[in-house]
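Novice: here's a sequence, model it:
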Amino acid sequence: MTPKTTVTATKPHARTQNSGEAGGAEFAARWTEARQAYPMYAALASQFNLAPLLYPMGELPPQRPTREVFDRDLQWLNAIDQKVRAFQIRQLPSEILNSSEEALRSFIQRQLKKPDKTNVDRDKIDLLLVQYFALCAPMELYREAIKLEDVARVLQPVLTEADSTPLEWCEPLEKVLDTLDQCHSLRDLMEHGLLEQGRLVKESAGAMFYDPAALVAFCRFNFSLRRAFIRMLHADWTAVQQAVEALEAAGVKSVDCRRAGFSAAETTVQLRTWCENWRQPFHKDYTESSVSHAFEQLLALRADLEEALSHPRSEAFFTPSPPRAARPGAPEAESKKTPVAQVPPPAAAVQVTPPTPKKIEARTASDALAAQASASLPSAIKPAKFTADTPAKPTGAAETEKCLEAIWEQLIAAPPSRGRSMSTVVLQDAKVLLSSWEVAAFVVEGGQEAEDLRRAVVARALLAVAGDQRKRSGDESALASALVHARSEVSYFQGRVEQAKRAKNTEAAVNLGISTKRLLSFIEESEKLQP
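Specialist: Here you go, the predicted model:
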């Protein structure tokens, strides 16, 4: 191996030693950049089994390659670039990702120089620039308000044309950051859909994303979001710890934590152990998964514990709901039936506009709920029909209707307080957490968008109930049917989100996008319960 010394550029047309026909300043610059970036490529290739390494781990390419080695190594780097995704870069150990400013700079510049960039390249550049800023920014910027000029100055070595000029089309990012300052919990972040709003701005940018001023604006947005995310995550984790301590001090031995995926009588000792062993999963790309299971479980546990603290020890956490009037157009016997689940006592009266009889009667035996949610959509994006060859039958129309009714009953019996807040419904022995926009879809008439959200909640709730049954009884049939139903629903919702994006309906795209990601998270967790 040739000694590892720094490569210097030679005069144009001059040949480097052992370089064959390749030569000149361009050759030297390209090789220096590749050689500096190689450790990151090698770490990615090794960690994710992308390709055999060119050199033993820890060794660099030769300082002065032959033309054959030059072409081979750059081809290898390009092949790794094609395979690597942003979330994999985030999972690199910090000692690799932050080992060297010049290595990270060279890696980023290789991404920026790609002639035909894809969305995958965009996401990598988006991540890498904020990583570079975090590595090189002076410590005072971690505590102070960050200006575009600050970001442009720090990024100048990697982004030579860094520009701090504000762009009009990036103004939505500023509005998100203004809202972010008012958030105190990850629940607030999720309720406002801030991650999704930022994602929509980036996705709608197209080629404008690579404008130096836009790259600076997105880097500032991402770093500010990351900093606030860590602050709120710490606040939620601290709140959970303090709640457990308060419950123990009050003599409470167990808590109903089904909403967070625990038991109906989880001991405070077990909860304390969970808190002490919980680790912040920062290796996950939270910009790709704003409702990851780890964070959502933390929020749900905080809600469970705060709910327990808000009730005197002598009271049950859930009491039966009072009788309610039948829905308009419903059979007379419906008003006498017993509610499916237990709910908290009503907090206040609320004006409710339930689903109309016309919509309810429009259902058919095979796709009742699908007809309700997709009647006005092009047939190309409606849910696929199931055939006799389907391994597991989807959840039946009667069951989805029953689930929708149970959720609706609870939400109108105990409407949430004013403002944006999350609510919980209890179905059999499973708790399901709903966001404010999902609650509104049940208690306020909202047209097609509300129908889509109700449909997403029902699919999620059916998975929660079936998963709970699987844990308690070992019965797999209900879970298999709920998974078939949920998977088919996801493709429908993704189509609806894309429609909302094209129509510039940001609120609908954000809300249904988050609900869809929650459904995907439930699907992932449910699949773990299958043999």
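Novice: only C-alpha atoms for contact and neighbour calcs from this point on.
Specialist: Will do.
Novice: tell me how far A430 lies from V443.
Specialist: 21 Å (C-alpha to C-alpha, to the nearest Å).
Novice: who has more neighbours, these two?
Specialist: For A430 versus V443, neighbours defined as other C-alpha atoms under 10 Å are more numerous around A430 (24 against 20).
Novice: contacting residues for the residue lying closest to that one once chain neighbours are set aside?
Specialist: Distances taken as C-alpha to C-alpha, 6 or more residues apart in numbering place V465 nearest to A430, at 5.5 Å, with adjacent residues excluded. The neighbourhood of V465, defined by C-alpha atoms under 8 Å, 6 or more residues apart in numbering, consists of L427, Q428, D429, A430.
Novice: in terms of distance to L97, which of those ranks first?
Specialist: Using C-alpha to C-alpha, A430 comes nearest to L97 of the contacts of V465, at 41.4 Å.
Novice: how about low-confidence regions in the chain?
Specialist: 1-23, 279-293, 312-395, 414-422, 445 (pLDDT under 70).
Novice: would you map the strands across the stretch 401-531 of the chain?
Specialist: For the stretch 401-531 of the chain, the strands defined by DSSP state E, counting those that start in this stretch cover 423-427, 430-434.
Novice: tell me the angle the first one makes with strand 430-434.
Specialist: Taking axes from the mean of the first three to the mean of the last three C-alpha atoms, to 10 degrees, strand 423-427 and strand 430-434 form an angle of 150 degrees between their directions.
Novice: partners of strand 423-427, with directions?
Specialist: The partner list of strand 423-427 in its sheet, established with DSSP bridges, is strand 430-434 (antiparallel).
Novice: what's the spacing between the partner strand and its chain's center?
Specialist: Relative to its parent chain, strand 430-434 has a centroid offset of 18 Å by C-alpha atoms, centre = their mean, to the nearest Å.
Novice: got a list of contacts for that strand?
Specialist: Residues contacting strand 430-434 (C-alpha under 8 Å, 6+ apart): 258-259, 300, 422-426, 457, 461, 464-465, 468.
Novice: now render these as TSV, adding distance to T179.
Specialist: Conversion of these to TSV gives the following (distance: C-alpha to C-alpha, whole Å):
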residue	distance to T179
R258	31
R259	27
A300	22
M422	18
S423	22
T424	25
V425	28
V426	31
V457	26
A461	30
A464	32
V465	35
D468	37
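Novice: wait, which of these is closest to K124?
Specialist: Closest to K124, out of all of the contacts of strand 430-434 and judged by C-alpha to C-alpha, is A300, at 31.1 Å.
Novice: now do stretch 138-153: distance from first to last residue.
Specialist: 11 Å.
Novice: how far does that stretch sit from the chain's center?
Specialist: The answer for stretch 138-153 is 26 Å, by C-alpha atoms, centre = their mean.
Novice: same check on stretch 519-531?
Specialist: With C-alpha atoms, centre = their mean, you get 16 Å for stretch 519-531.
Novice: ok, and for that stretch, which residues are buried?
Specialist: Neighbour-count burial for stretch 519-531, counted by 16 or more other C-alpha atoms under 10 Å, picks out L519, L520, S521, F522, I523, S526.
Novice: ok, now stretch 427-442?
Specialist: Of the residues in stretch 427-442, 427, 429-442 count as buried by neighbour count, 16+ other C-alpha under 10 Å.
Novice: picking that back up, of the buried residues of stretch 519-531, which belong to helices?
Specialist: Residues of the buried residues of stretch 519-531 located in helices (DSSP state H): L519, L520, S521, F522, I523, S526.
Novice: quickly note the distance from the residue lying closest to the second one once chain neighbours are set aside to L519.
Specialist: So that's L520. The shortest distance from L520 to any non-neighbouring residue, by C-alpha to C-alpha, 6+ apart, is to V490 (7.4 Å). V490 sits 8 Å away from L519, going by C-alpha to C-alpha.
Novice: repeat that for L44.
Specialist: From L44 over to L519 (counting by C-alpha to C-alpha), the distance is 30 Å.
Novice: ok, D181 next?
Specialist: For D181, the distance to L519 - C-alpha to C-alpha - is 28 Å.
Novice: what's the end-to-end length of stretch 500-514?
Specialist: OK, stretch 500-514 end separation, C-alpha to C-alpha: 13 Å.
Novice: how about the strands in this protein?
Specialist: With DSSP state E as the definition, the chain shows strands at residue ranges 254-255, 266-267, 423-427, 430-434.
Novice: dump the ones you listed into a markdown table; add distance to A500 as well.
Specialist: Listed next are those as a markdown table, based on distance: least, C-alpha to C-alpha, whole Å:
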| stretch | distance to A500 |
| --- | --- |
| strand 254-255 | 41 |
| strand 266-267 | 42 |
| strand 423-427 | 25 |
| strand 430-434 | 21 |
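Novice: the ones you listed: which one's closest to M40?
Specialist: Of all these, strand 430-434 comes closest under C-alpha to C-alpha, at 40.5 Å.
Novice: send me that closest one as CSV with only the CA atoms.
Specialist: Only the C-alpha atoms of strand 430-434 are listed here, as CSV (Å, rounded to 0.1, in the frame of the first residue of the first chain):
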residue,chain,number,x,y,z
ALA,A,430,-57.9,-2.1,23.3
LYS,A,431,-57.3,1.6,23.5
VAL,A,432,-56.9,3.7,20.4
LEU,A,433,-55.5,7.2,20.4
LEU,A,434,-57.1,9.7,18.0
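Novice: ok, A205 to A137 distance?
Specialist: For A205, the distance to A137 - C-alpha to C-alpha - is 26 Å.
Novice: ditto for K402
Specialist: 55 Å.
Novice: these two: who's more crowded?
Specialist: Ranked by neighbour count (other C-alpha under 10 Å), K402 and A137 place A137 first, with 16 against 13.
Novice: pretty sure A239 contacts R302?
Specialist: Yes - counting by C-alpha atoms under 8 Å, A239 does reach R302; the two are 6.9 Å apart.
Novice: pick out whichever of those two has more residues nearby.
Specialist: Per other C-alpha under 10 Å, whichever of A239 and R302 has more neighbours is R302, with 24 against 18.
Novice: next, the contact list for the spatially closest residue to the more buried one that is not a sequence neighbour, please.
Specialist: Distances taken as C-alpha to C-alpha, 6+ apart put V240 closest to R302, at 5.2 Å, once the chain neighbours are dropped. V240 sits next to C275, L298, L301, R302, L305 when contact means C-alpha under 8 Å, 6+ apart.
Novice: kindly report the same for N119.
Specialist: Taking C-alpha under 8 Å, 6+ apart, one finds nothing in contact with N119.
Novice: can you rerun that using 10 Å?
Specialist: I125, K202, E203, G206 (C-alpha atoms under 10 Å, 6 or more residues apart in numbering).
Novice: buried residues of stretch 235-246, list them for me.
Specialist: Applying 16+ other C-alpha under 10 Å to stretch 235-246 flags D236, W237, A239, V240, Q241, Q242, A243, V244, E245 as buried.
Novice: surely the fifth one is in contact with E276?
Specialist: Yes - in this structure Q241 lies within contact range of E276 using C-alpha atoms under 10 Å: 8.5 Å.
Novice: which one is L271 nearest to, not counting chain neighbours?
Specialist: Of all residues not flanking L271 in the chain, V244 sits nearest, at 7.1 Å (C-alpha to C-alpha, 6+ apart).
Novice: against D188, how distant is the one you found?
Specialist: From V244 to D188 the distance is 22 Å (C-alpha to C-alpha).
Novice: sorry, back to before: and the contacts of V240, which of them are in helices?
Specialist: C275, L298, L301, R302, L305.
Novice: most widely separated two among those residues?
Specialist: Going by C-alpha to C-alpha, the pair spanning these furthest: C275 and L305, at 12.3 Å.
Novice: more neighbours, the two?
Specialist: Ranked by neighbour count (other C-alpha under 10 Å), C275 and L305 place L305 first, with 24 against 15.
Novice: for the more buried one, what are its contacts?
Specialist: 239-244, 246-247, 255-257, 260, 268, 271.
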